[in-house]
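Novice: Need a 3D model of the sequence below.
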Amino acid sequence: MNNRRWWALAAVCAATFMLLVDVTIVQVALPTVQRDFRATFSDLQWVIDAYALVLSSLILTSGALADRFGRKRVFVAGVAIFTAGSFLCGVAGGATALVVSRAAQGVGGAAMFATGLALIGQDFRGPERLKAIALWGATVGGAVAAGPLLGGLITQAISWRWVFFVNVPIGVATVAVSVPLMVNKADPDARRLDVAGLVTFSGSLFLLVLTLVRGNDDGWASGKILALFAAAAALMAAFIIVERRQARPMFDLSLFRGRAFTGVSLATFAIGSGMFASLPYLTFYLQNGLGYSPLAGGLRLLPATLMAFLVPLVVGRAGEKIPSAWLLFAGLALSGTGLLLMAHLSAGSSWTTLLAGLVVCGVGVGLANPAIGRIALSVVPPQRSGMASGISNTFRIAGLATGVAALGALLEHRLASSLGHQLGHTTPALPKQVASEGIRAAAATGQPAHVLLAAYVAGTNEVLFIGGLVVLVGAALALAMVRARDLPAAAPAPVVVALPEAAPQSEAESRLARRSEQLTENSATGPARR
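Specialist: As a prediction, the model looks like this:
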């Protein structure tokens, strides 16, 4: 029994590592992908957003599927889809095929994200559960810290395609361990899926991101862009109406009646759309602006990722004595300040100009991440912790998707303005080429490299500045809405993502569950709340 549970935990950790490392590892490889495919700036944005959009749209639906059909089945299906999507990314022959394959990864990633911690919760109790969560948390931190370095190393030493191929053996091994060793538990009270909620929510997010990506090309006041904005708003309004009428909604809007839950959700969206959405453009600056290799660029991001990994470990239990509301505010305030510290680049800047801001950002993220998970759980009833966790994760990843699109639009606009000012004129294609290639565009366009660098630096400064402002607005909202007196005196141990509560189970019930699993592969042995 013990060996089975710990092997199952290893499978969950392996899947979590793949899921999270694929966010940062891909960013480091994007400049190389652009050169190989001659990809446009919009293509590069969609490589990130296709994954993030599908992931954020399907997290809650995947949780509902797990309730209905069992966590093990949904988890295994998710790993299989993610692995297949990774292989397709690796063999992609062009930017469009890569974007579609990234969307497939998002489908599998949502299933893995929604079920990983629930599988830990159903297998472990008491001190063993805390140990299992600690191991899972170390995996999360390790994936975040290792992503830029691994991405640079693999891209430079082998090929960017192996950034995706490396997932294949890990995915196959995870499925091979999960099928015989995991127990499949479902919720007998689960009902039909909220299809209307899924369609309206994901449709609204997709149209919003499409609008932000296309705005500079089509004109922000054009009929097409205004129509897309209106359609996105209409679908979001329809989503709210649909969810309010559902008996068991995918997205329980009643949780937002709580001031603190609304505040932490907005803060989560802000750190996703401001802090994490700025990182791809920082990667582009290091490689396309300063000319670093993928490995050298990845190494220079380590001050931020290492701080994000180490700070929660250093703070540890001492952080439990500090109100979570203050940790959240401090984390966002530091993250926003770090971005502003980096937003003073010049054409003569070296990477060390970024160093102080990277460290401050890493410390801020290290404080904010545990506080977000802690507050999201502590302000809702225990039986609704799964829904609260799903909503928190959805806000974070939806923030990343919209932030990447919005900051990319700002970068393009600033490039066009700066190039037009320096050259006296510019073509619509030049800002896009500089956005995707940086100073390497000088050889193809015949424009002076120092002019392109000055424009690129100005655009990067604007991205960092606006990203920092967004996070600081999130900090202000957290300070105003998440008050210490609204939170329990003793918050649960900090985790990045909420752990669903599992129903108590006696040893006799456990034996019955294992026997049922062996005989029928359908052990709905008791209600397990997400």
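Novice: So, low pLDDT: which residues of this structure?
Specialist: Low-confidence segments of the chain (pLDDT under 70): 1-2, 130, 134, 137, 187-191, 316-320, 382-386, 484-530.
Novice: Domain map for it?
Specialist: Listed by automatic domain parsing, the domain ranges of the chain are 1-190+503-530, 195-245, 255-499.
Novice: Could you provide those in JSON lines, with additional columns for mean neighbour count?
Specialist: Just so you know, the C-beta spots here come from the backbone N, C-alpha and C atoms, and that holds for glycine as well. Putting the domains of the chain into JSON lines (neighbours: other Cβ atoms under 10 Å) gives the following:
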{"stretch": "domain 1-190+503-530", "mean neighbour count": "21"}
{"stretch": "domain 195-245", "mean neighbour count": "17"}
{"stretch": "domain 255-499", "mean neighbour count": "21"}
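Novice: ok, now how distant is G362 from P370?
Specialist: 14 Å (Cβ to Cβ, to the nearest Å).
Novice: Hmm, I typed the wrong one, I wanted A196.
Specialist: 35 Å.
Novice: Helix, strand or coil: sort out R244 for me.
Specialist: With DSSP: H, G, I helix; E, B strand; the rest coil as the basis, the three-state label of R244 is helix.
Novice: what's near enough to touch the residue most central in space within the chain?
Specialist: Centroid-nearest residue in the chain, with Cα atoms, centre = their mean: I397, separated by 4.2 Å. Going by Cβ atoms under 8 Å, 6 or more residues apart in numbering, I397 touches 52, 55-56, 59, 272.
Novice: For the stretch 301-450 of the chain, just list every one of the helices.
Specialist: With DSSP state H, counting those that start in this stretch, the ranges of helices along the stretch 301-450 of the chain come out as 302-315, 324-342, 355-378, 385-423, 429-437, 441-445, 449-481.
Novice: Which neighbouring elements make contact with the last one?
Specialist: Packed against helix 449-481 by the contact rule (3 or more Cβ pairs under 8 Å, 6 or more residues apart in numbering; DSSP states H and E) you find helix 259-270, helix 279-284, helix 324-342, helix 385-423, helix 429-437, helix 441-445.
Novice: JSON lines for the ones you listed, including distance to L377?
Specialist: Output for the helices and strands packed on helix 449-481, formatted as JSON lines (distance: least, Cβ to Cβ, whole Å):
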{"stretch": "helix 259-270", "distance to L377": "10"}
{"stretch": "helix 279-284", "distance to L377": "27"}
{"stretch": "helix 324-342", "distance to L377": "10"}
{"stretch": "helix 385-423", "distance to L377": "5"}
{"stretch": "helix 429-437", "distance to L377": "40"}
{"stretch": "helix 441-445", "distance to L377": "48"}
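Novice: Of all those, which one is nearest G203?
Specialist: helix 385-423 (13.1 Å; Cβ to Cβ).
Novice: so that closest one versus helix 355-378, what angle?
Specialist: Put simply, helix 385-423 runs at 150 degrees to helix 355-378, going by axes from the mean of the first three to the mean of the last three Cα atoms, to 10 degrees.
Novice: can you give me the offset of helix 385-423 from its chain's centre?
Specialist: Remark: helix 385-423 is offset 12 Å from the chain centroid, using Cα atoms, centre = their mean, to the nearest Å.
Novice: got the angle for that helix vs helix 449-481?
Specialist: Taking the same axes, to 10 degrees, one finds helix 385-423 and helix 449-481 inclined to each other by 150 degrees.
Novice: Going forward, count from 874.
Specialist: Fine by me, first position is 874 from now on; the one you just mentioned is helix 1258-1296.
Novice: Measure how helix 1258-1296 sits relative to helix 1302-1310, angle-wise.
Specialist: Using the same axes, to 10 degrees: helix 1258-1296 against helix 1302-1310 is 130 degrees.
Novice: could you check the angle helix 1132-1143 makes with helix 1258-1296?
Specialist: 40 degrees.
Novice: Quick check: closest non-adjacent residue to V1082.
Specialist: The shortest distance from V1082 to any non-neighbouring residue, by Cβ to Cβ, 6 or more residues apart in numbering, is to A1278 (4.6 Å).
Novice: From T956, how far out is that neighbour?
Specialist: In terms of Cβ to Cβ, A1278 sits 27 Å off from T956.
Novice: With G1237 instead?
Specialist: Relative to T956, and taking Cβ to Cβ, G1237 is found at 34 Å.
Novice: P1176: what's it in contact with?
Specialist: P1176 is in contact with 1228, 1231-1232, 1235, counting by Cβ under 8 Å, 6+ apart.
Novice: Can you give me the separation between it and A1317?
Specialist: According to Cβ to Cβ, P1176 and A1317 sit 33 Å apart.
Novice: again with A1169
Specialist: Counting by Cβ to Cβ, the separation of A1169 from A1317 is 23 Å.
Novice: same check, this time on S1077
Specialist: 38 Å.
Novice: could you check the angle helix 1258-1296 makes with the host helix or strand of L882?
Specialist: Assigned by DSSP states H and E, L882 falls within helix 875-910. Interaxial angle, helix 875-910 versus helix 1258-1296 (the same axes, to 10 degrees): 20 degrees.
Novice: C-terminal to helix 875-910, which secondary structure element comes first?
Specialist: Using DSSP H and E, the helix or strand that follows helix 875-910 towards the C-terminus is helix 914-942.
Novice: Tell me how far that following helix lies from the chain's centre.
Specialist: 10 Å.
Novice: Show me what it is packed up against.
Specialist: For helix 914-942, the packing partners by 3+ Cβ pairs under 8 Å, 6+ apart are helix 875-910, helix 944-963, helix 968-996, helix 1068-1091, helix 1258-1296, helix 1302-1310.
Novice: Pull the fourth one out as PDB, backbone CA atoms only.
Specialist: These are the backbone C-alpha positions of helix 1068-1091, laid out as PDB (Å, rounded to 0.1, in the frame of the first residue of the first chain):
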ATOM      1  CA  VAL A1068     -21.100  23.000 -21.500                       C
ATOM      2  CA  ALA A1069     -22.700  26.400 -21.800                       C
ATOM      3  CA  GLY A1070     -20.400  27.800 -19.200                       C
ATOM      4  CA  LEU A1071     -17.300  26.300 -20.900                       C
ATOM      5  CA  VAL A1072     -18.300  27.600 -24.400                       C
ATOM      6  CA  THR A1073     -19.100  31.100 -23.300                       C
ATOM      7  CA  PHE A1074     -16.100  31.500 -21.000                       C
ATOM      8  CA  SER A1075     -13.500  30.100 -23.300                       C
ATOM      9  CA  GLY A1076     -15.000  31.900 -26.300                       C
ATOM     10  CA  SER A1077     -14.900  35.200 -24.500                       C
ATOM     11  CA  LEU A1078     -11.200  34.700 -23.500                       C
ATOM     12  CA  PHE A1079     -10.200  33.700 -27.000                       C
ATOM     13  CA  LEU A1080     -11.900  36.700 -28.600                       C
ATOM     14  CA  LEU A1081     -10.400  39.100 -26.100                       C
ATOM     15  CA  VAL A1082      -6.900  37.800 -26.800                       C
ATOM     16  CA  LEU A1083      -7.500  37.800 -30.600                       C
ATOM     17  CA  THR A1084      -8.600  41.400 -30.300                       C
ATOM     18  CA  LEU A1085      -5.400  42.400 -28.400                       C
ATOM     19  CA  VAL A1086      -3.100  40.600 -30.800                       C
ATOM     20  CA  ARG A1087      -4.800  42.000 -34.000                       C
ATOM     21  CA  GLY A1088      -5.500  45.600 -32.700                       C
ATOM     22  CA  ASN A1089      -2.300  47.200 -34.100                       C
ATOM     23  CA  ASP A1090      -2.800  45.600 -37.500                       C
ATOM     24  CA  ASP A1091      -6.400  46.300 -38.000                       C
END
